[in-house]
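In: Sequence and predicted structure below; questions after.
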Amino acid sequence: MSFNTVKKILLYIFMTILAIGMLIPFFWMVSTSLKDGNNVFEFPPKWIPNPIKWSNYAEVWEVVPFAAFALNSFLLALCVTCGQVLTSAFAAFSFARLNWWGRDKVFFAYLATMMIPGAVTMIPLFLLLRYLGWIDSYKAIIIPGIFSAYGTFMLRQFFMGLPTELEDAARIDGCNLWEIFWNVTIPLSKPALATLSIFTFLGNWRNFQWPLIVLQTSEKMTLPVGLAYFMGEHSTKWNLLMAGSLMSIVPLVAIFLIGQRFFVKGIQLGGVKG
């Protein structure tokens with residue numbers, strides 16, 4: 001057996017062990033979601049509960065308004081995703097294709113906002129929303145999230161990689177700036193737009209801190225904040241919390257699997273030169 005073969009076998013063994021280690025927390029979450037509340041921390045731990053309590057999943061819907069929390073999270077993620085993709089696409093097209101005075105300086109200044117920690121802007125933003133009377137409203141969790149320097153940067157880099165000859169041909173055919181953007185740039189940028197949409201949706205679906213700060217009534221709470229209801233001052237219903245958490249990640253896995261082909265297509269388009 002050659003040295004390269006041994007090295008490859010050892011690499012596969014190491015990667016397998018690493019993959020199993022990363023899946024152990026997920027297995028623990030599934031196991032805990034099917035246990036009785038008194039058996040969560042029993043030692044030695046039992047990975048296969050006995051008895052298996054499937055009723056934990058139904059109990060989650062009875063203890064908290066899980067459907068309302070999930071609907072609020074979906075509304076938040078969908079609205080922010082649509083708004084962020086739209087504003088990022090407009091801004092990226094302006095920075096990538098339009099020539100105006102101070103364009104690059106404005107872009108770098110906008111990009112520099114990514115280096116400001118969110119904790120720094122959190123209090124000023126909260127005070128601004130309170131002044132506008134938006135606290136404890138859907139506007140407070142949706143509107144601040146529809147502008148993204150990261151999304152603008154990502155789409156700008158993709159737009160700059162598109163061939164300008166297609167835009168020149170559209171101008172010869174009589175297209176105006178809007179028609180070039182909508183009929184040429186956007187159709188060619190579907191992989192980048194889909195990637196940004198997936199990242200934005202996933203990030204806002206699991207967003208916990210900002211909804212916790214600006215929302216006050218339980219009817220408007222999102223799913224991550226709503227799951228915190230299982231954590232009391234003196235005790236935590238870990239089995240119900242794990243069951244609710246497991247149900248909350250199902251949409252994330254489904255969206256990632258559906259959008260996975262866009263990642264592959266984006267890599268393929270990025271690797272084609274000339």
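Out: Arrived safely, thanks for sending. Residues are numbered from 1 along each chain as shown.

In: Can you pull the phi and psi angles for Ala136?
Out: Rather than Ala, residue 136 is Asp. Torsion angles at Asp136 (phi, psi; degrees, to the nearest 10) stand at phi 60, psi 40.

In: quick one: pLDDT of it?
Out: The model reports Asp136 with a pLDDT of 90.

In: cool, and Phe3?
Out: Looking at Phe3, its pLDDT reads 69.

In: Over to the one 4 residues further on?
Out: Residue-level confidence at Lys7 comes out at 80, pLDDT.

In: Quickly find the element holding it.
Out: Following DSSP states H and E, one finds Lys7 within helix 3-33.

In: helices or strands next to that helix in the packing?
Out: When contacts are defined as 3 or more Cβ pairs under 8 Å, 6 or more residues apart in numbering; DSSP states H and E, helix 3-33 packs onto helix 238-271. Any C-beta I mention is one placed from the backbone N, CA and C, and that applies to glycine too.

In: Determine the next helix or strand in the C-terminal direction from the helix holding Lys7.
Out: Helix 3-33 is succeeded, C-terminally, by helix 55-63 (DSSP H and E).

In: show me the contacts for Leu223.
Out: Each residue near Leu223 by Cβ atoms under 8 Å, 6 or more residues apart in numbering is listed here: Phe66, Phe69, Ala70, Asn72, Ser73, Trp205, Ser248.

In: The helix holding Lys7 vs helix 238-271, what angle?
Out: 140 degrees (axes from the mean of the first three to the mean of the last three Cα atoms, to 10 degrees).

In: angle of helix 3-33 against helix 55-63?
Out: Using the same axes, to 10 degrees: helix 3-33 against helix 55-63 is 50 degrees.

In: buried set for helix 3-33?
Out: Of the residues in helix 3-33, Met29, Ser31, Thr32, Ser33 count as buried by neighbour count, 16 or more other Cβ atoms under 10 Å.

In: What of stretch 163-180?
Out: Glu167, Ala170, Cys175, Ile180.

In: So which of the residues you listed belong to helices?
Out: Glu167, Ala170, Ile180 (DSSP state H).

In: Including pLDDT and distance to Phe153, could these go into a markdown table?
Out: Listed next are these as a markdown table, based on pLDDT from 0 to 100; distance: Cβ to Cβ, whole Å:
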| residue | pLDDT | distance to Phe153 |
| --- | --- | --- |
| Glu167 | 87 | 21 |
| Ala170 | 88 | 25 |
| Ile180 | 90 | 21 |
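
In: quick check, nearest of those residues to Asp104?
Out: Closest approach to Asp104 among these (Cβ to Cβ): Glu167, at 19.7 Å.

In: Now do the contacts for the closest one.
Out: Glu167 touches Arg97, Ile180, Val184, Thr185, counting by Cβ under 8 Å, 6+ apart.

In: Now with 6 Å, please.
Out: Residues near Glu167 by Cβ atoms under 6 Å, 6 or more residues apart in numbering: Ile180, Val184.

In: From Ile143, how far out is it?
Out: 32 Å (Cβ to Cβ, to the nearest Å).

In: One more: Pro65?
Out: With Cβ to Cβ as the criterion, Pro65 and Ile143 are 24 Å apart.

In: Let me know the closest of the buried residues of stretch 163-180 to Met122.
Out: The nearest member of the buried residues of stretch 163-180 to Met122, counting by Cβ to Cβ, is Ile180 at 38.8 Å.

In: Touching, the closest one and Ala170? I think so.
Out: Yes - look at Ile180 against Ala170 with Cβ atoms under 6 Å: they come within range, at 4.9 Å.

In: Show me how the record splits the protein into domains.
Out: 1-53, 64-271 (automatic domain parsing).

In: Pick the most buried one from these.
Out: A comparison of the domains of the chain by mean neighbour count, using mean count of other Cβ atoms under 10 Å, puts domain 64-271 on top with a mean of 16.
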